[in-house]
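Trainee: pasting the sequence and the predicted coordinates here, then a few questions.
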Amino acid sequence: MSPGTADRYDFVIVGGGSAGCVLANRLSADSANRVLVLEAGRPDAWWDVFIHMPAALPFLIGRRRYDWQYQSEPEPGLGGREIYHARGKLLGGSSSINGMIFQRGNPLDYERWAREPGLEHWGYADCLPYFKRMETCAVGADDWRGSDGPLVLERGAAAGPLSRAFFEAAQQAGYGLSDDVNGYRQEGFAAFDRNVHRGRRLSAARAYLHPVKRRPNLVVHCRALVSRLIFEGDRAVGIEFSRRGRPVERVYAKELICCGGAFNSPQLLQLSGIGPAALLQEYGIDVIADLPGVGENLQDHLEVYVQHACRRPVSMAWALARWRRPWIGFQWLLGSGPGATNHFEAGGFVRSNEHVSHPNVMFHFLPVAIRYDGSRSVPGHGYQVHVGPMLSDARGSVRIRSGDPRVPPSLRFNYLSTERDRREWLEAVRCARTLLSQPAFAGLDAGELSPGPELASDTEILDWVARDAETALHPSCTCRMGTDAGSVVDPRSLRVRGVRGLRIVDASVMPSITNGNIYAAVMMIAERAADLILGNTLLPPERVDFYRHAHEVPKTASF
């Protein structure tokens, strides 16, 4: 079925990423709904082992075939560095290239959302049934975890000598352990859930889209670049897009749903006349709705790697040898071996000071010293923790710099731009150093490689962060839901304010970032949005207990 100028759908979903795949599945479940998904990237071909092998993550990030390769503007707080931002360039979006770490965030993140005017029904009790609906927790369901959802979550083994030392060191440093950081207690250290199933990446496309792609009422087009939304007055009625250099096509729908993520949803709105009027007029775009919040409030997680050399040959460095790759690939085809895991099997969450109500620092432990893109691995054996503040108060923006949809928008994050952010960075690095210096690592630790023991003062540590930090790839909040003048979408419906027939469902609608990898939160939002869009009765709130540390947070606490 090829869309032409006369084609009409009930729903057109712009973006086949994490949220778009969920909506494609749920909205097309009713055969009366005609659903079209337009994805600018390529298909996630079954034969492309780099996509489906969890350990092949470094082969995806930074390669034009898989990655849109965004770049920030020069960041003043990072010495003018431009920060590379990977975004998935294929079905499944960034869920097809990410680290596969599944973290819901802390329940108090959603309680924070619910304290904002109009968001009273986005509290933890309201969101929990949707988290449970989307997942099958491989270690078993309980009051906090689901048992029959499309997304199978397997727990990392975290069983090697380095992982065991990591958990022991966490306790020696005064931190607790958790049975499940996505369950009753997030604070503490544990083996992490991953969207890895039977040794293969289980992206949103593989979990939600591929099982239903043969539905006659569901059409998916890849390599379809949307140029603008079509309006009749204040109602969004259609989409203009092009495929592989062909003439521009138009399709029409009762409802349009933007699922492009924190960069592309505000970009598309601005290109279509929705956003700050002065910015649109600068590029000759007719203003449909003057919404100054479109593209503002950009939030992200920044992180560094605190790396140590290992005196014993117990890290995963041996698996990096090129001559081992055929054997690792063969093992992976059988569902085992080092290719069948993302290796981010252990980590934890801590409070870096007494002025926060819940953890504001996350650790990912990796039993090898290497960067996300596979570069700069240290000679010999090593290990590292990825660490950074989770609730930074730095805010940035996404703004078009051309009327051409092929030109990436301007991205400004303002990393390290606030006093609190800089203070929490110092606390985060010191937490990591304290943990890795515990007696549990005594027989393994051959010395700190990065940042290096010679960097000890506040100034030296912050200068190192400015030189070495990179994004954890969690951009969000650029079309936030709310009821104030700076908000973009209505939290009761996810409809864009000031226009009709248009909704946004992706990370951009989050009012504030959650403390953890945001993939799980995005999927939950999409699951809940499906019921809102279809007019279904929302799942009833589930009021369960969750861990809060014993003492009361001072009144000066801020998020």
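Mentor: Structure's in. What do you need? Residues are numbered from 1 along each chain as shown.
Trainee: for this protein, which segments count as helices?
Mentor: Applying DSSP state H to the chain gives helices spanning 18-27, 49-52, 107-114, 124-134, 161-172, 204, 261-271, 277-282, 325-333, 419-436, 458-468, 519-534.
Trainee: where in the stretch 51-200 of the chain is pLDDT low?
Mentor: Within the stretch 51-200 of the chain, no range satisfies pLDDT under 70.
Trainee: mind checking how far residue 346 is from residue 144?
Mentor: The spacing between residue 346 and residue 144, counted by Cβ to Cβ, to the nearest Å, is 20 Å. For the C-beta atoms, the positions are set from N, CA and C on the backbone; glycine is no exception.
Trainee: mean neighbour count and distance to residue 317 for the helices of the chain - can I get that in CSV?
Mentor: Formatted as CSV, these follow (neighbours: other Cβ atoms under 10 Å; distance: least, Cβ to Cβ, whole Å):
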stretch, mean neighbour count, distance to residue 317
helix 18-27, 29, 32
helix 49-52, 19, 21
helix 107-114, 21, 36
helix 124-134, 22, 36
helix 161-172, 20, 11
helix 204, 32, 32
helix 261-271, 27, 34
helix 277-282, 15, 48
helix 325-333, 15, 13
helix 419-436, 19, 17
helix 458-468, 16, 21
helix 519-534, 23, 28
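Trainee: which stretch in those has the least confidence?
Mentor: Between the helices of the chain, the one with the least mean pLDDT is helix 325-333; it has a mean of 91.
Trainee: give the contact list for the residue nearest to residue 198 when sequence neighbours are not counted.
Mentor: Taking Cβ to Cβ, 6 or more residues apart in numbering, and ignoring the residues beside it in sequence, residue 198 has residue 335 as its nearest neighbour in space, at 5.4 Å. Counting by Cβ atoms under 8 Å, 6 or more residues apart in numbering, residue 335 touches 198-200.
Trainee: residues contacting residue 359?
Mentor: 106, 186-187, 349-351, 390, 515.
Trainee: now do the buried residues in stretch 337-354.
Mentor: Buried residues in stretch 337-354, counting neighbours by 16 or more other Cβ atoms under 10 Å, are found at 337-352.
Trainee: among the residues you listed, which are located in strands?
Mentor: 346-350 (DSSP state E).
Trainee: just give me the closest of the residues you listed to residue 124.
Mentor: residue 349 (15.8 Å; Cβ to Cβ).
Trainee: separation between the closest one and residue 28?
Mentor: With Cβ to Cβ as the criterion, residue 349 and residue 28 are 37 Å apart.
Trainee: can you check residue 18 too?
Mentor: Taken as Cβ to Cβ, the span from residue 18 to residue 28 is 17 Å.
Trainee: got it, and residue 311?
Mentor: When distance is defined by Cβ to Cβ, residue 311 is 56 Å away from residue 28.
Trainee: more neighbours: which of these two?
Mentor: More crowded of residue 311 and residue 28, by other Cβ atoms under 10 Å: residue 28, with 25 against 15.
Trainee: list the contacts of the more buried one.
Mentor: Neighbour list for residue 28: 35, 212, 215, 217-218 [criterion: Cβ under 8 Å, 6+ apart].
Trainee: who wins for neighbours among the residues you listed?
Mentor: In the contacts of residue 28, the most neighbours by other Cβ under 10 Å go to residue 35, 25 neighbours.
Trainee: residues near the closest residue in space to residue 89 that isn't next to it in sequence, how many?
Mentor: Spatial nearest neighbour of residue 89, excluding adjacent residues (Cβ to Cβ, 6+ apart): residue 41 at 4.0 Å. By the criterion of other Cβ under 10 Å, residue 41 has 24 neighbours.
Trainee: who's in contact with residue 41?
Mentor: Contacts of residue 41 (Cβ under 8 Å, 6+ apart): 16, 68, 88-91, 93, 222-223.
Trainee: save these as a markdown table, and put in distance to residue 511 and neighbour count too.
Mentor: Output for these, formatted as a markdown table (distance: Cβ to Cβ, whole Å; neighbours: other Cβ atoms under 10 Å):
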| residue | distance to residue 511 | neighbour count |
| --- | --- | --- |
| 16 | 25 | 32 |
| 68 | 25 | 20 |
| 88 | 24 | 29 |
| 89 | 28 | 22 |
| 90 | 29 | 29 |
| 91 | 28 | 28 |
| 93 | 21 | 33 |
| 222 | 32 | 17 |
| 223 | 33 | 18 |
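Trainee: okay then, goodbye and thanks.
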